[in-house]
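> Predicted coordinates and the sequence they were generated for:
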Amino acid sequence: MSTLPLFALPEKSPLVGIARLASEGESLLEGHNVEYFTLPAKSLLNRCISDRGMPFTWTINPYRGCEFGCQYCYARYTHEFMELRDGREFEQKIYVKQHTSDLLRRDLKKVKSGEGIALGTATDPYQPAERRYQITRGILEEFARHRGFELGIVTKSNLIVRDVDLLREVSRNNTLSIHITITTLDTELARILESRAPRPDLRMDAVRQLSQAGISVGVSCSPVLPGITDSPASLEAVVQAAAAAGARHIFGGPLFLKPCSAAVFLPFLAQHFPDLVENYRARYQERSFLPASYGKRIAQLIASLRQKYGIKRADPRGTSALANQWPVQSLDQQLPLF
């Protein structure tokens with residue numbers, strides 16, 4: 001007599017952790033070559049573990065993946081944790097975290113005095129999904145119920161002005177700073193670098209509106225792309241416009257290129273900047289960072305531009321160590337490639 005079961009037993013899923021949770025997510029919506037999924041979350045606040053001297057202790061990312069499709073995005077590797085190995089899936093499969101307000105209320109008990117929290121380090125909190133799902137707004141509403149926290153928000157989207165009143169409420173009892181990323185003022189260049197992000201002028205107008213609302217806001221020029229956005233003229237245009245918009249701080253750092261990001265960025269270079277491909281390939285072949293000397297030159301140049309246009313700080317907490325460590329560089333000195 002056969003001992004086989006009447007029905008086949010289900011195979012145990014080989015996926016664990018965040019990969020298993022992602023695989024169990026329900027499809028929410030499709031559109032513009034993008035799929036949205038639910039993502040059950042066990043925690044919202046993540047401790048930052050890095051040897052790069054980050055100015056924050058905790059991170060919050062309301063979504064996994066980002067629809068903006070920035071060619072250089074360093075965060076593509078985060079989809080690999082969910083066993084999604086195609087770098088383009090980072091901008092095509094967006095995971096919407098669930099029960100975020102409840103999780104945050106619980107997780108904030110772990111934060112000690114003086115520990116900074118960064119919102120939007122691996123995904124843009126104001127990407128298109130936010131218009132529909134309002135996960136970021138729910139997080140801010142929770143922060144508005146608390147006091148004594150230090151919160152920084154990074155975004156490329158002018159959608160943030162939707163929450164001006166809520167941001168002001170958060171800032172009443174907490175330390176709040178906003179960082180709007182603007183890598184170039186060249187609209188056509190931004191269109192190919194940051195395919196679906198709002199135009200640079202719209203982002204700069206968001207800086208103006210936030211500043212006029214009395215919110216601490218500045219500009220991030222990061223990443224600075226060698227041979228593409230690192231000329232003194234290009235960086236000066238951003239700093240000058242930021243100063244006119246009321247930015248209180250501005251900083252920029254060189255491109256950070258992990259292998260999963262290089263797999264997307266290098267083909268992009270081959271199409272739009274073919275003369276740069278071999279230089280990039282050689283410089284990033286065995287590392288994700290450029291030599292410190294290049295970063296120093298970028299820091300010197302931006303420090304001199306801040307001085308010229310009256311922006312006092314590199315970041316909200318004060319003038320950065322980089323700005324103090326190296327002498328100011330002449331504005332007419334051309335940065336060598338790498």
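Yep, that arrived. Residues are numbered from 1 along each chain as shown.
> contacts, neighbours, all on C-alpha from now
Fine.
> any idea of the mean pLDDT in the helix or strand harbouring Ser304?
Assessed by DSSP states H and E, Ser304 sits inside helix 292-309. Mean pLDDT, computed over helix 292-309, is 96.
> name the helices or strands packed onto that helix?
When contacts are defined as 3 or more Cα pairs under 8 Å, 6 or more residues apart in numbering; DSSP states H and E, helix 292-309 sits against helix 232-245, strand 250-251, helix 321-325.
> any idea which of the ones you listed is most buried?
strand 250-251 (a mean of 26; mean count of other Cα atoms under 10 Å).
> Buried residues in the helix or strand that comes right after it, which are they?
Proceeding C-terminally, strand 250-251 gives way to helix 259-272 as the next helix or strand, assigned by DSSP H and E. When burial is assessed from 16 or more other Cα atoms under 10 Å, helix 259-272 yields the following buried residues: Pro259, Cys260, Ser261, Ala262, Ala263, Val264, Phe265, Leu266, Phe268, Leu269.
> Could you report the separation of the fifth one from Tyr284?
Distance of Ala263 to Tyr284, computed by Cα to Cα, to the nearest Å: 12 Å.
> now the third one
Using Cα to Cα, one obtains 11 Å as the distance from Ser261 to Tyr284.
> How far off centre is stretch 232-251?
19 Å (Cα atoms, centre = their mean, to the nearest Å).
> tally of neighbours for Arg162?
Counted by other Cα atoms under 10 Å, the residues lying close to Arg162 total 13.
> again with the one 3 residues further on
The burial metric for Asp165, expressed as a neighbour count using other Cα under 10 Å, is 12.
> Check what pLDDT the closest residue to Thr229 other than its chain neighbours gets.
Of all residues beyond its chain neighbours, the one nearest Thr229 is Thr184 (6.5 Å), with distances taken as Cα to Cα, 6 or more residues apart in numbering. Thr184 is assigned a predicted lDDT (pLDDT) of 98.
> returning to what we had before: what is the orientation angle of the helix holding Ser304 with helix 232-245?
Comparing the axes of helix 292-309 and helix 232-245 via axes from the mean of the first three to the mean of the last three Cα atoms, to 10 degrees yields an angle of 40 degrees.
> List the buried residues in helix 292-309.
By 16+ other Cα under 10 Å, the buried positions in helix 292-309 come out as 294-306.
> now it: how far from the chain's centre is it?
Computed by Cα atoms, centre = their mean, the chain-centroid distance of helix 292-309 equals 21 Å.
> Excluding sequence neighbours, find me the nearest residue to Arg47.
Once chain neighbours are set aside, the closest to Arg47 by Cα to Cα, 6+ apart is Trp58, at 4.5 Å.
> Dig out what that neighbour forms beta bridges with.
Trp58 has the following beta-bridge partners by DSSP bridges: Arg47, Ile117.
> what does Thr155 give?
With beta bridges defined as DSSP bridges, Thr155 has these partners: Ile180.
> What count of nearby residues applies to it?
Residues within reach of Thr155, counting by other Cα under 10 Å, total 24.
> That one: what's it in contact with?
Under the criterion of Cα atoms under 8 Å, 6 or more residues apart in numbering, the contact partners of Thr155 comprise Gly120, Asp124, Pro125, Tyr126, His179, Ile180, Thr181.
> what sits up against stretch 201-214?
Among residues not part of stretch 201-214, those counted as contacts by Cα under 8 Å, 6+ apart are 156-158, 160-161, 164, 168, 180-182, 185, 187, 216-219, 241-242, 245-247.
> If any of the residues you listed are buried, give me the PyMOL selection for them.
Of those, the buried ones can be selected in PyMOL as follows, counting by 16+ other Cα under 10 Å:
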select buried, resi 156+157+158+160+161+164+168+180+181+182+185+216+217+218+219+241+242+245+246+247
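> What ranges does the protein have for its helices?
17-23, 89-92, 100-107, 129-133, 135-143, 164-173, 187-193, 200-212, 232-245, 259-272, 277-284, 292-309, 321-325 (DSSP state H).
> Out of the ones you listed, the one nearest Cys70 is which?
Between Cys70 and the helices of the chain, the shortest separation by Cα to Cα is 5.7 Å, and it involves helix 187-193.
> Mind giving me the packing neighbours of that closest one?
Using 3+ Cα pairs under 8 Å, 6+ apart as the contact criterion, the secondary-structure elements in contact with helix 187-193 are helix 200-212.
> Give me the buried positions along the helix it packs on.
Along helix 200-212, these residues count as buried under the neighbour rule (16+ other Cα under 10 Å): Pro200, Asp201, Arg203, Met204, Asp205, Ala206, Val207, Arg208, Gln209, Leu210, Ser211.
> That'll do, ta.
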